[in-house]
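**Student:** This is the structure alone, sequence omitted:
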C-alpha cells in the first residue's frame, strides 16, 4: 500500500549532516510516510550513515547512482521513485523542525483541496545547526490564489514560496518534474507550474530548518552568471513573451525587470565574476549598451523605492488575497 507522503532526500557528499535530516523525519508524529534517500555517487560515508538507520526503520529506502548525474537530475530521479500522494523534499543538510511538521503540512493540503502545495516559514541555521533567524514572506497563515503568488514573485523577483525543504506538494500534478534548463531557481520555476494549477496554503510557523554554509550548491550559484541566465529564462517564459494572460505586470514594471536583469550582469563585472568585455557584450546583445547607460540614473533612483514598496505592500497584499480563517493559530480552515 502506498504511503500518504514520500519524503525525499537527494544527497551528495553530505554525510556530516545526514543524521540530523534523517532523525528529524523519524521523529515525526505523522508516521504514514516513506523516506527515500538517493545518493548521487558520493565519495564520503553517506552509505554507511544510511545503512545504520535502515536497520532501525523499514520505511527507509536507499539507492546510490552509478555515476554523478547532477542536482536537478537527482531531484527528478527521487520524484520518479516517489509513491506517496504528497511529496516532501528534505535536503540532506537541512532538517524538519519539531514533531508536527509533516502532520501540519498534510493537514493543510487535506483542508485546502484547491491548493497545489503548502509552504511554511523556515528557520535559518548555520553550519553547526545554531539558529540564526526565522524567514517568512507572509505575515500570517492562510490560502492564496496561485496565480497571485506567481505575479508577486515576478514583480519583486523573489521566491516567496521558499526552498524545497519548506514545501510539500501534491504528487499527481508535479510531472514532468523539475526543468533541467534551470540551475539556480529551478525550484521557483517548478512552483510556478504547480501554482498555475492550484493555490498556495501557507503556514506561518517554522516547520523546516534551512542550513547556510559555504559548501552548498546555491552558495556557489549565487556568485555565478547562472543566476542571471536562470532569471532571463524565467522572465522570457512568463513576462517577455506575453503568452501568460494572467500576468498583470504593468509596462513600467516589465521595463524595470528587464533593466534590472541587465544590471545584474553589470554587477557581476563589478564583482569580478565577468570581464568587462563579457558584461558589455551580454548587455549589448540582449538590451543595448546605449540604452543601458541612459537608463542607469533612473534605475538607481527607482531601486530603493522598489524595496520600500515591497515592504509596504506585503501586509495589505496578503490579507486582501487570502481566505479568512476562523482560527488564527492554524493555517486555514
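**Tutor:** Good, I have the coordinates. Please read all numbers here as calculations on a predicted model, not as lab measurements.

**Student:** So, low pLDDT: which residues of the stretch 151-300 of the chain?
**Tutor:** 173-175, 215-223 (pLDDT under 70).

**Student:** okay, which residue is most central for this structure?
**Tutor:** Centroid check for the chain by CA atoms, centre = their mean gives residue 163 as the closest residue, at 2.9 Å.

**Student:** Surely it and residue 120 touch.
**Tutor:** No - using CB atoms under 8 Å as the test, residue 163 is too far from residue 120 to be in contact (10.7 Å). (Glycine included, C-beta is placed from N, CA and C.)

**Student:** tell me the domain ranges of this protein?
**Tutor:** The record's domain split for the chain, according to automatic domain parsing, is 5-217, 218-321.

**Student:** do you know how far residue 196 is from residue 250?
**Tutor:** Residue 196 sits 21 Å away from residue 250, going by CB to CB, to the nearest Å.

**Student:** and these two? which has more neighbours close in?
**Tutor:** residue 196 (15 against 9; other CB atoms under 10 Å).

**Student:** list the contacts for that one?
**Tutor:** 146-147, 150 (CB atoms under 8 Å, 6 or more residues apart in numbering).

**Student:** now residue 168
**Tutor:** So residue 168 contacts 5, 86-88, 102, 105-106, 108-109, 117-118 (CB under 8 Å, 6+ apart).

**Student:** out of those residues, which is most surrounded?
**Tutor:** residue 118 (31 neighbours).

**Student:** hey, what's it bridged with?
**Tutor:** residue 168, residue 201 (DSSP bridges).

**Student:** Of the contacts of residue 196, which is the nearest to residue 232?
**Tutor:** residue 150 (17.3 Å; CB to CB).

**Student:** Okay, that closest one and residue 114: tell me how far apart.
**Tutor:** In terms of CB to CB, residue 150 sits 15 Å off from residue 114.

**Student:** neighbour count winner among these two?
**Tutor:** Counted by other CB under 10 Å, residue 150 and residue 114 do not tie: residue 150 has more neighbours, with 24 against 12.

**Student:** what's the spacing between the particular helix or strand that has the more buried one in it and its chain's center?
**Tutor:** Assigned by DSSP states H and E, residue 150 belongs to helix 146-156. With CA atoms, centre = their mean, to the nearest Å as the basis, helix 146-156 stands 14 Å off its chain's centre.

**Student:** Look at residue 126 and report its pLDDT.
**Tutor:** Looking at residue 126, its pLDDT reads 89.

**Student:** My understanding was that it contacts residue 132; is that so?
**Tutor:** Yes - under the criterion of CB under 8 Å, residue 126 makes contact with residue 132 at 5.7 Å.

**Student:** joint contacts of the two?
**Tutor:** residue 212.

**Student:** tell me the SS of the residue of the chain positioned farthest from its centre?
**Tutor:** Within the chain, residue 290 marks the point farthest from the mean C-alpha position, 35.5 Å out by CA atoms, centre = their mean. Put simply, residue 290 is helix when judged by DSSP: H, G, I helix; E, B strand; the rest coil.

**Student:** what does residue 204 give?
**Tutor:** Going by three-state DSSP: residue 204 is strand.
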